[in-house]
Structure formats: structure tokens, C-alpha cells
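Chemist: Predicted coordinates and the sequence they were generated for:
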Amino acid sequence: MTDPPASTPALPLGRLFPLYAAQALATGATTVSTVLASIIMGTLGNEALAGLPSTLIQTSAAFSASFFGALMLRRGRRLGLMAAFTLGTVGAILGFLGAKLHATPLFLLGAAGMGAAQGGYQQARYAAAESVPDARRGTALGALMLMSVLGSFIMTGFSRPIETLGTRLGTTPEVAGWLIGGLLLGLAALLITTWHPLTSVHTARKSHLSMREAFNTPGVKSTALALATGQGIMVTLMSLTPLRAHHMGMDHASIAAIISGHILGMYGFGWFTGPLIDRLGLKPGYLAGAFILAAAALTAPIQSHAWLGISMFLLGLGWNLVFVSGSKALSRTPAAQGVSDSLGYVASGAGTLFGGLIIARAGFPTLAYLCAVISLLPLISAARVRKST
């Protein structure tokens, strides 16, 4: 992969707003539902399988990401995103019903539906990147993240009303969050119908390549490695830390607060990291992201509510840097996008499944230290980046 020369054209934020707003709603849906799925699973069955819902989410996303990637290349981004948001709405409602009725198979089916939807709507970032010149794609990705954090913060700010809703429905706030998530994804599906995809200022290079040709392009495999590593580490710790916090005596509002800090790290600094990567290149993004992810994993085992919050924030920020760098690089090779996302979801699903088992047998610190070592894999991606002349 090569880094393009810097440029400073304005972003078409007005026309991109429906895309950004729909993604914000989807992030809010994830915040109030799937992030806390491990707690629901703990009330439905064996806590050793607390990571199973997230594993299903990531596995479903792994299967669907390649499908949605191919669909969007053939039929356009808008149709693919509409289908993904609609599927997520159905999945969230099924998950709510399954959790409320204590029907574990139905809850897991809903989780699978939500995962399949994520495999599609997470590719909205490529729609944003394709709408601007190559040298501004990091900035476009950062703006998308900034919009996403608004949706998440609105939902975490409503933790008390969600608790009230759960009481009125005769269930817990974690379960009620799935119903709210379905509503948000339904609104996103409606909103995306008003978005008119922009023709990229510069037609994506190598868009004519087959998947095999795309992955034989220098730097694409290492980019996929970075994205898979960042996604796997982030999802594993994000999914299993709420259960750890629950065991440490934190209530729903407190857990929501550390999730807010995590989402802030993931999306809140996109306005800074995106333009910074545009200016400095991909290599600093990979380097900083890898070391920050490792720091997040190393601080996660500390027995302190404050340190747990710091760890979750660092986890989000490290993921942000790797994610923006990798997504910007991969936006130049559309044929590799869906499969690369699938690899990330496979890593996430394996991480949450085996992570839950590792915690049950060896404790949370063992998992965290293992994640710290794996977090350094994006250093390989950094070594593969070369400057353009």
C-alpha cells in the first residue's frame, strides 16, 4: 500500500449526512444491545458461555460481510445498506423476545441476525471514503466516526430511562436495550432511503480486480491482518469486560459509563485521527494503534473501577487508529473489502468464544495478557507500508 500526497478539499457533509446519521443510529443500537449481551447470557445459562452471543454476532457478520460486499459492488451501496439495517431490525426484535421469554435459542437467533446486519452496515465507511479524493479519505472516515459517537452517547445517556422501560416491561435494562436497538435500526433503514450515493471524485483504483487479484496486490494482505487484529482484540475485550465489571459490583449505569468511555475512544477522536493519518500516512496509525491496544489489554486486569474505564478508553482509541488506517488503505481495493471484514469478524468470534472459556478456566488476566501480545501484529502491517514518490 502507498500513501497518497496530502490534499485539502472540503468534505460534502451535507449530502453525506443521511449516511452518517444512519450509521450513528446503528452505533447506538449496538451500544444498548449487543455490547451487554454477555450479561443476558449469564442470566440465561452457563456463564462460561457468556461470550457465545458475541461469537454468533461475529460469526454471522463474517458470513454476511462478503455477501454484502459483493452485493454493494453489483447493486450499489444504498440497496446493500437498506437490506442490512432492515435485517438488524428483525434480529433485534427477535433477540428482545428471546431474552424476555428466557428462550435462549430465540435470543441467539436474534444475535445472529444482528451480526449478519453488522456485516453489511459496517461497510458504510467505504461508501463515505469513496465519496472524496484519496487524500481526504481518512478525514471522511473520521467524520463518520464522530457522528457515530453521538448516537452511542445519546443511548448511554438514556440508561436510566432504559432501566425504567425494562421495569415496565417486566425485564432488565439489558433486555429492554434490544427493543430500543430494533427501533433505532428501523429508523436507520428509513433514513438511508433519502441518501443518494456520491460518485467518487476519483474512481476507486483496482476496482476491476477479482478478489484473488486484489489480495495479490502488495500490501492488501497485511492491511487485512491489521484490520482483523484490531477488530478481534477490541470486540473480545469489549464483549467480556462488562461481565467482569458486573462481577466487580458495578451497576448498569456504571457499566454504561465505561462503555461510553470505550465508545468515546473508538469514535470520539475521529475528527483528529482521520486528518492526522491523511497527513502523516498509514504507518504511524498502525504503530500507535498497536501499542495503545497492548496498553489497554495490560491495564484491563487491574482491580479498579477507574482503571477498567481507562482500559476500555484505550481499547477504543487503539482500535480507532488501526481501523482508520486499514480502512483508508483498503478503500483503494473494493474487491478485498467484504472478505477483509469477514476475516475481522472471524477473529472477533473466535476471540469471544475462546475468551469466555479462558476466563472460566484461567481467569480474566490470562485473557488480557494474551490479547496484549496479539495486539502487536499490526506492526507487521506498518512495516509493509511504503511512501509514494
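Modeler: Structure's in. What do you need?
Chemist: do you know how far Leu308 is from Arg244?
Modeler: 8 Å (CB to CB, to the nearest Å). Heads up, the C-betas are built off the backbone N, CA and C, glycines and all.
Chemist: just Leu317 next, same as before
Modeler: Counting by CB to CB, the gap from Leu317 to Arg244 is 20 Å.
Chemist: Ok, Leu298 next?
Modeler: As for Leu298, its distance to Arg244 is 15 Å (criterion: CB to CB).
Chemist: How about Ala50?
Modeler: 10 Å.
Chemist: who has more neighbours, the two?
Modeler: A count of neighbours by other CB atoms under 10 Å puts Ala50 above the other of Ala50 and Arg244, at 28 against 21.
Chemist: Please list all residues in contact with Ala297.
Modeler: Ala297 makes contacts with Ile233, Leu237, Ser311, Leu315, Ala368, Tyr369, Cys371, Ala372, Ser375, as judged by CB atoms under 8 Å, 6 or more residues apart in numbering.
Chemist: Within the helices and strands, which one has Met163?
Modeler: Small correction: residue 163 is Glu, not Met. helix 159-168 (DSSP states H and E).
Chemist: Identify all contacting residues around that helix.
Modeler: Contacts to helix 159-168, defined as CB under 8 Å, 6+ apart, come from residues 32, 155, 172-177, 179-180, 252-253, 256.
Chemist: Show me just the buried residues among the residues you listed.
Modeler: Val32, Met155, Thr172, Pro173, Glu174, Val175, Ala176, Gly177, Leu179, Ile180, His252, Ala256 (16 or more other CB atoms under 10 Å).
Chemist: what's the span of stretch 355-369 from first residue to last?
Modeler: One end of stretch 355-369 sits 12 Å from the other (CA to CA, to the nearest Å).
Chemist: Can we start the residue count at 5 from this point?
Modeler: All set: I'll call the first residue 5, so the last point we hit is now stretch 359-373.
Chemist: now what about it, what contacts it?
Modeler: 42, 51-56, 240-241, 243-244, 248, 301-302, 304-305, 374.
Chemist: Tell me which stretches of the protein form strands.
Modeler: Ranges of strands in the chain, per DSSP state E, are 6-7, 390-391.
Chemist: Averaged pLDDT, the first one. What do you get?
Modeler: The average of the pLDDT scores along strand 6-7 is 48.
Chemist: With stretch 170-184 instead?
Modeler: Average pLDDT, stretch 170-184: 87.
Chemist: Relative to the whole chain's centre, how far out is that stretch?
Modeler: Distance of stretch 170-184 from its chain centroid, counting by CA atoms, centre = their mean, to the nearest Å, is 23 Å.
Chemist: okay, how far is it across that stretch, tip to tip?
Modeler: Start-to-end span of stretch 170-184 (CA to CA) is 11 Å.
Chemist: Check stretch 29-42 too.
Modeler: First residue to last in stretch 29-42 (CA to CA) measures 22 Å.
Chemist: what does stretch 167-187 give?
Modeler: 17 Å.
Chemist: where does the stretch 205-354 of the chain have low pLDDT?
Modeler: 205-214, 256 (pLDDT under 70).
Chemist: Need the buried ones among the contacts of helix 163-172 in a markdown table (columns: distance to Tyr130).
Modeler: Output for the buried ones among the contacts of helix 163-172, formatted as a markdown table (distance: CB to CB, whole Å):
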| residue | distance to Tyr130 |
| --- | --- |
| Val36 | 26 |
| Met159 | 25 |
| Thr176 | 36 |
| Pro177 | 34 |
| Glu178 | 32 |
| Val179 | 33 |
| Ala180 | 33 |
| Gly181 | 28 |
| Leu183 | 30 |
| Ile184 | 27 |
| His256 | 35 |
| Ala260 | 30 |
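Chemist: ok, now how distant is the residue nearest to Gln27 when sequence neighbours are not counted from Val239?
Modeler: Using CB to CB, 6 or more residues apart in numbering and skipping the chain neighbours, the partner closest in space to Gln27 is Ala128 (5.0 Å). Using CB to CB, one gets 18 Å for the distance from Ala128 to Val239.
Chemist: try Tyr290
Modeler: Between Tyr290 and Val239 the computed distance is 19 Å (CB to CB).
Chemist: What of Pro305?
Modeler: Remark: distance between Pro305 and Val239 (CB to CB) = 18 Å.
Chemist: Looking at the two, which is more packed in?
Modeler: Set Pro305 next to Val239 and count neighbours by other CB under 10 Å: Val239 wins out with 28 against 18.
Chemist: Check which residues of the lengthiest helix in the chain are buried.
Modeler: Counting by DSSP state H, the longest helix found in the chain is helix 224-251. Judged by neighbour count (16+ other CB under 10 Å), helix 224-251 contains these buried residues: 224-250.
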